[in-house]
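Peer 1: need a structure here:
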Amino acid sequence: MDGRPAAARPLMVLVATGLGLFMIFLDATIVNVALPDIQREFDTGEQGLQWVVAAYSLTMGMFMMSAATLSDARGRRLAYVGGIVLFCVASIGCGLAPSLLVLNVSRGLQGTGAAVVNVASLALVGAAFTDPAAKAKAIGSWTGIAAVGLAIGPTVGGVLTDEFGWRSIFWVNPVIGAAAVVVTLRFVRESRDPTERRFDWAGQVLFIAGVAAVTYGLVEGPHSGWASPLILALLLGSVVIIAAFVLVERRVIDPMMDVRVFADRVYSTAIVTIFCVLFGIYGTLLVITQYFQNVRDYSAEDAGFLMISMTLPVIVLAPIAGRLTARLGGRRPTLIGVSMIVAGLAVLAATIGGNLVWTLLGLALVGGAGGLAVAPATSVAMSSIPQDRSGMASGILSAQRALGSTTGFAIMGSVLAAVVALTLPGKFEPYLPDEQQREDAVDEVVDDANPRAVTALIAPGQPLDDDVKEEPELVQASDDAFVDGIRVAIGVALVLVLGTLVAGYLVFPKGERAAADDEVGEATLVESDER
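Peer 2: Residues are numbered from 1 along each chain as shown. Presented below is the predicted three-dimensional model:
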């Protein structure tokens, strides 16, 4: 024995990377059901509490591409293990946090570690599975592991919080992380970009600044107001920064992100598909959990268990997606998956506020889309990139995940709040003729119903104002306005994914042409690199 990792164990590579991936995606949602307990312990308002969730996704998105560059240059196994260690140390900081500030800083460090784990894990999977069919199956499993961790987070968080307290949700991470490190060191071989490349400092700084600006603007927009000078400056500034980033990346010798890949219509459509599907899934998860808790008056734990209807299709379909992609190419599985989310959103929009069975059916279809569409779209995109830049490719994909989910939270959450604020005064007028009293009641309902922590998947509303509670008609009017807001928010996502479905139908290669097109795309990119 020479002490090196065992060779030819691609399945164990998937196990090793799956452990870390499951851990970071579980933590993306496990904290949300614990927010009320955290709020009570630190005696903070919702504005301060939102960063318990936002700090995680913000830093994860900011450092995604930097982590990809580090992974390619210094070694993907080394980066993966380092990311797990950082994540687990930060988790301990969260579990011991004596104040909200320490908790939020620790959550930001978790997000940084999660960015490294995310991109390095996919790059390691890509390096371990060289056969295209096997790689497609492996990416399907990789995507399924992430989706399952994300989906069961609310359920696990609810049980742990009720049984052991909110701090227990962070103590599960060191256990999972330790197992991931042991398996990785034993079975995973190091891989890296064989070509020595210069570190693109300008690109790194611009990317971090651009993602930070747009993410912070989207998170704070519903709270500060979309027309506020700060939010407008952040969003407009992010456009300028991103434009500067593209110009810099086109001119440097070794760009952090080879923007030339976006000239390929198939690749760009696959990236947009991933963004839009995750926009719909994450945004739906936000507004439906609000519906369960604020309208149907379920507890956080009960709401988490109801969301299992969204989890089970992911568990079933993610492995199937990989096999279908290996056999049929990416076109048909992706289009079927996107069709499922279109159908699911349509069911939810048409039946929300009615029989719970229809809501659960809609959730099952939306969840099934996550299991069926993301893996083949990811496989198409990864196959379009030379293997020596697989870290960069996984960074782009992971950035799309972070931006798609954050945008889904922000846009659908703010649409919900806007509709409630717009329709509620008219619904309240017959019962509250006094204008000032009506305005106060509307403000109270909007503040409680509006999930200002827009990156949270579950943000339970606070009790309604006593004036509102005294009249059952007012409570019913609030529920009706909230249901209307959810319906409109889901309609926005429905239009977006429907456009993606049309684009994919027109652009994705048909049948067996998919594999050939992937090979041509990779050869073209290699030739471009050589030039």
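Peer 1: per-residue pLDDT, the most centrally placed residue in the chain?
Peer 2: Closest residue to the average C-alpha location of the chain: Ser405 at 3.9 Å, with CA atoms, centre = their mean. On pLDDT, Ser405 comes in at 75.
Peer 1: Kindly report the same for the one 3 residues further on.
Peer 2: Predicted confidence (pLDDT) at Gly408: the value is 80.
Peer 1: With Ala459 instead?
Peer 2: 33.
Peer 1: which SS state does the closest residue to Met23 other than its chain neighbours fall under?
Peer 2: Take Met23 and drop its neighbours on the chain: the residue closest to it by CB to CB, 6 or more residues apart in numbering is Ile176, 4.4 Å away. Any C-beta I mention is one placed from the backbone N, CA and C, and that applies to glycine too. For Ile176, the secondary-structure state derived from DSSP: H, G, I helix; E, B strand; the rest coil is helix.
Peer 1: Identify the residues contacting the residue nearest to the centre of the chain.
Peer 2: Neighbouring residues of Ser405 by CB atoms under 8 Å, 6 or more residues apart in numbering: Ser57, Leu278, Phe279, Ile281, Tyr282, Thr455.
Peer 1: can you tell me the helix or strand for the residue nearest to the third one when sequence neighbours are not counted?
Peer 2: Which is Phe279. The shortest distance from Phe279 to any non-neighbouring residue, by CB to CB, 6+ apart, is to Gly408 (4.0 Å). With secondary structure defined by DSSP states H and E, Gly408 is part of helix 390-428.
Peer 1: ok, and for that helix, which residues are buried?
Peer 2: Neighbour counts over helix 390-428 (16 or more other CB atoms under 10 Å) mark 390-421, 423-424, 427-428 as buried.
Peer 1: Pull out the buried residues from stretch 87-102.
Peer 2: Residues of stretch 87-102 classed as buried: Phe87, Cys88, Val89, Ala90, Ser91, Gly93, Cys94, Gly95, Ala97, Leu100 (neighbour count, 16+ other CB under 10 Å).
Peer 1: Gln204 contacts Ala67, doesn't it?
Peer 2: No - at 10.5 Å, Gln204 does not count as touching Ala67 under the criterion of CB atoms under 8 Å.
Peer 1: And these two? Which one has more around it.
Peer 2: Ala67 (29 against 18; other CB atoms under 10 Å).
Peer 1: Show me what the host helix or strand of that one is packed against.
Peer 2: For Ala67, the host element (DSSP H and E) is helix 64-74. Applying 3 or more CB pairs under 8 Å, 6 or more residues apart in numbering; DSSP states H and E, we find helix 64-74 packed against helix 76-96, helix 100-128, helix 201-224, helix 390-428.
Peer 1: which residues touch stretch 88-105?
Peer 2: Contacts for stretch 88-105 (CB under 8 Å, 6+ apart): 27, 38, 42, 44, 48-49, 51-52, 55, 106-107, 109-110, 112-113, 167-168, 170-171, 173-174, 177-178.
Peer 1: and that stretch, what's its mean pLDDT?
Peer 2: On average, stretch 88-105 scores 93.
Peer 1: what's the first-to-last distance across it?
Peer 2: Counting by CA to CA, to the nearest Å, you get 14 Å between the two ends of stretch 88-105.
Peer 1: Centre of the chain to it, how far?
Peer 2: Relative to its chain's centre, stretch 88-105 lies at 22 Å (CA atoms, centre = their mean, to the nearest Å).
Peer 1: again, but for stretch 94-109
Peer 2: With CA atoms, centre = their mean, you get 21 Å for stretch 94-109.
Peer 1: now stretch 110-128
Peer 2: Mean C-alpha position of stretch 110-128 versus that of the full chain (CA atoms, centre = their mean) differs by 15 Å.
Peer 1: just use 51 as the starting number from now, easier for me
Peer 2: From this message on, residue numbering opens at 51, which makes the last subject stretch 160-178.
Peer 1: For Arg124, see how far away Val175 is.
Peer 2: For Val175, the distance to Arg124 equals 18 Å [CB to CB, to the nearest Å].
Peer 1: ugh, typo on my part, it should be Val198
Peer 2: Between Val198 and Arg124 the computed distance is 30 Å (CB to CB).
Peer 1: Among those two, which residue is more densely surrounded?
Peer 2: The neighbour count for Val198 versus Arg124, taken as other CB under 10 Å, is higher for Val198 (22 against 16).
Peer 1: Just the buried positions in the host helix or strand of the more buried one, please.
Peer 2: Using DSSP H and E, Val198 falls within helix 182-214. For helix 182-214, the neighbour count (16+ other CB under 10 Å) marks 182, 185-211 as buried.
Peer 1: Low-confidence regions, the stretch 251-400 of the chain specifically.
Peer 2: For the stretch 251-400 of the chain, residues meeting the criterion pLDDT under 70 lie at 269, 272-273, 343, 350.
Peer 1: Let's see that with 90 instead.
Peer 2: Across the stretch 251-400 of the chain, the ranges flagged by pLDDT under 90 are 251-255, 257-278, 280-281, 296, 299-324, 328-329, 331-385.
Peer 1: which residues of it fall in helices?
Peer 2: Ranges of helices in the stretch 251-400 of the chain, per DSSP state H, counting those that start in this stretch, are 251-274, 279-301, 315-340, 350-356, 358-378, 381-401.
Peer 1: got the angle for the fifth one vs helix 182-214?
Peer 2: The reference is to helix 358-378. Counting by axes from the mean of the first three to the mean of the last three CA atoms, to 10 degrees, helix 358-378 lies at 170 degrees to helix 182-214.
Peer 1: Helix 358-378 - contacts with which helices or strands?
Peer 2: Under the contact criterion of 3+ CB pairs under 8 Å, 6+ apart, helix 358-378 touches helix 182-214, helix 381-401, helix 406-433.
Peer 1: Can you give me the end-to-end span of stretch 275-282?
Peer 2: Using CA to CA, the end-to-end distance of stretch 275-282 comes to 9 Å.
Peer 1: From the chain's centroid, how far away is that stretch?
Peer 2: For stretch 275-282, the separation from the chain centroid amounts to 24 Å (computed by CA atoms, centre = their mean).
Peer 1: And for it, what's in contact with it?
Peer 2: Under the criterion CB under 8 Å, 6+ apart, residues Gly267, Glu270, Gly271, Ser274, Ser464 lie in contact with stretch 275-282.
Peer 1: before we move on, back to that, which one of the helices of the stretch 251-400 of the chain is the most hemmed in?
Peer 2: Mean neighbour count (mean count of other CB atoms under 10 Å) peaks for helix 315-340 among these, with a mean of 25.
Peer 1: gap between stretch 289-303 and the chain center?
Peer 2: For stretch 289-303, the separation from the chain centroid amounts to 25 Å (computed by CA atoms, centre = their mean).
Peer 1: How is this protein divided into domains?
Peer 2: The chain breaks down into these domains under automatic domain parsing: 60-249+304-469+536-568, 250-303, 470-535.
Peer 1: Sketch out the low-pLDDT regions of the stretch 51-200 of the chain for me.
Peer 2: Looking at the stretch 51-200 of the chain by pLDDT under 90, you get 51-65, 75-126, 150-151, 154, 165, 168-200.
Peer 1: Oh, that last question was meant for the stretch 451-581 of the chain, not what I typed.
Peer 2: 451-535, 553-581.
Peer 1: same thing but at 50, please
Peer 2: Applying pLDDT under 50 to the stretch 451-581 of the chain flags the ranges 499-515, 518-519, 562-581.
Peer 1: where along it do the helices fall?
Peer 2: 485-499, 516-519, 522-557, 563-580.
Peer 1: Now do the contacts for Ala165.
Peer 2: Neighbour list for Ala165: Thr109, Met110, Gly111, Met112, Phe113, Met114, Ser116, Ala117, Gly133, Ser448 [criterion: CB under 8 Å, 6+ apart].
Peer 1: so which of those residues comes closest to Asp347?
Peer 2: Checking those against Asp347 by CB to CB gives Met110 as the nearest, at 32.8 Å.
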